[in-house]
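> let me see the structure of the following:
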Amino acid sequence: MELRHLRYFIAVAEELHFGRAAKRLNITQQPLSQQIRQLELELDTSLFHRTKRTVRLTEAGHIFYEGATKILQQAEQTIQFTQQTGRGEIGHLEVGFTGPALSSVLPQIVSRFRDSYPNVQLMLNELRTPEQITELIQGRLHVGLLHPPLETDVLNTETIYQEDLVLVLPTNHPLANKAVISLQMLVDEPFILFPRRIGPVLYDRILAMFQKAGYSPKIVQEVIPQQTILSLVSVGIGLALMQRSLSNIGHSGVVFKPLHEPTPTLELVVAWHSGSTHPAVPNFLRVVQEANLRTPDRA
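Next up, the predicted model:
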């Protein structure tokens, strides 16, 4: 017995007329009658009372109709669910992101993805770059928003956003009203940085920027959470170099000012395992590409 036999039977049971049922099924009447007889032979029972003028269901036919409609509905739902899953339109997707991604591109990406794929649940995981690399390689993350270099051949990456660092200082600082600040004005200022192990390449570029200006920065604190850095800046512990997009979160007590000298760039990439077979990953990447994320202009 095949699903088409159930469809044929249901059409006749609902139309109670072989001609109308055949028209509904877009087939001729003779093959339809043959298929119904074959079904009755297979079930070893009559499903219809037939006369020259009427067709009606037998008691067995009524029972079979109830079951057949449920089976067909369930089969069609299963087929639809399977096809949607295969197209990445349903299911869940584990996404990693860093703090800078949260303050810049993540909200836009998430909003666009949910609009396009409302039946895919995004599981968002805030993780540092080294942790994301491990999770991506081991398959616990499907995609990640993180910072290069990754130093692995098993992950594919695509740059999606770049942003220059700016100076963050407390609102009551003497330089807070300056439009643009030079590194030479900061020789004696204390600075708050992230630990080098978090991002050694960016950390070294920041130090090189100061050394090019003729001095090494006075680092008084090294902390990880960006919110903690902003809080320490707001109470006057030190100044910081951070991405301008952090101003979007509206932290009180701090101002963001561009530097006169070129500053290191914070680069953000989307990464995924080169052997990934998760059907929603291509959809996520397509949304990221279509978002046309813009790198902010340097003031």
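
> give me the mean pLDDT for stretch 31-43.
On average, the pLDDT along stretch 31-43 is 93.

> ok, residues contacting it?
1, 4-5, 8-9, 11-12, 18, 21-22, 25, 46-48, 60, 64 (C-beta atoms under 8 Å, 6 or more residues apart in numbering). C-beta here means a position set from N, CA and C on the backbone, and glycine is covered the same way.

> in the stretch 51-200 of the chain, which spans are strands?
Taking DSSP state E, counting those that start in this stretch to define them, one finds strands in the stretch 51-200 of the chain at 55-57, 91-97, 120-126, 143-146, 155-170, 190-193.

> mind giving me the packing neighbours of the fifth one?
Counting contacts by 3 or more C-beta pairs under 8 Å, 6 or more residues apart in numbering; DSSP states H and E, the secondary-structure elements packed against strand 155-170 are helix 129-137, helix 226-234, strand 239-243, strand 254-257, strand 265-273, helix 280-290.

> tell me the gap between stretch 167-176 and the middle of its chain.
The chain centre lies 37 Å from the centre of stretch 167-176; the measure is C-alpha atoms, centre = their mean, to the nearest Å.

> over to stretch 41-57?
Relative to the chain's own centre, stretch 41-57 is displaced by 54 Å; criterion: C-alpha atoms, centre = their mean.

> just stretch 200-216 next, same as before
Centroid displacement of stretch 200-216 relative to its chain, using C-alpha atoms, centre = their mean, is 35 Å.

> output it as CSV, restricted to C-alpha atoms.
The C-alpha trace of stretch 200-216 is given here as CSV (Å, rounded to 0.1, in the frame of the first residue of the first chain):
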residue,chain,number,x,y,z
PRO,A,200,47.8,39.1,21.6
VAL,A,201,47.8,40.5,18.1
LEU,A,202,45.6,43.5,18.9
TYR,A,203,47.4,44.0,22.2
ASP,A,204,50.8,44.2,20.6
ARG,A,205,49.5,46.6,17.9
ILE,A,206,48.2,48.9,20.7
LEU,A,207,51.6,48.9,22.4
ALA,A,208,53.3,49.5,19.0
MET,A,209,51.1,52.5,18.4
PHE,A,210,52.3,54.1,21.7
GLN,A,211,55.9,53.2,21.1
LYS,A,212,55.7,54.8,17.6
ALA,A,213,54.6,57.9,19.4
GLY,A,214,57.8,57.7,21.6
TYR,A,215,56.6,56.1,24.8
SER,A,216,55.1,53.0,26.4
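
> quick one: Gly99 and Ile229 touch, right?
No: using C-beta atoms under 8 Å, Gly99 makes no contact with Ile229, being 9.7 Å away.

> so if I had to pick from those two, which one is more boxed in?
Ile229 (26 against 20; other C-beta atoms under 10 Å).

> how about the contacts made by that one?
Val168, Ile192, Phe194, Val223, Ala240, Met242.
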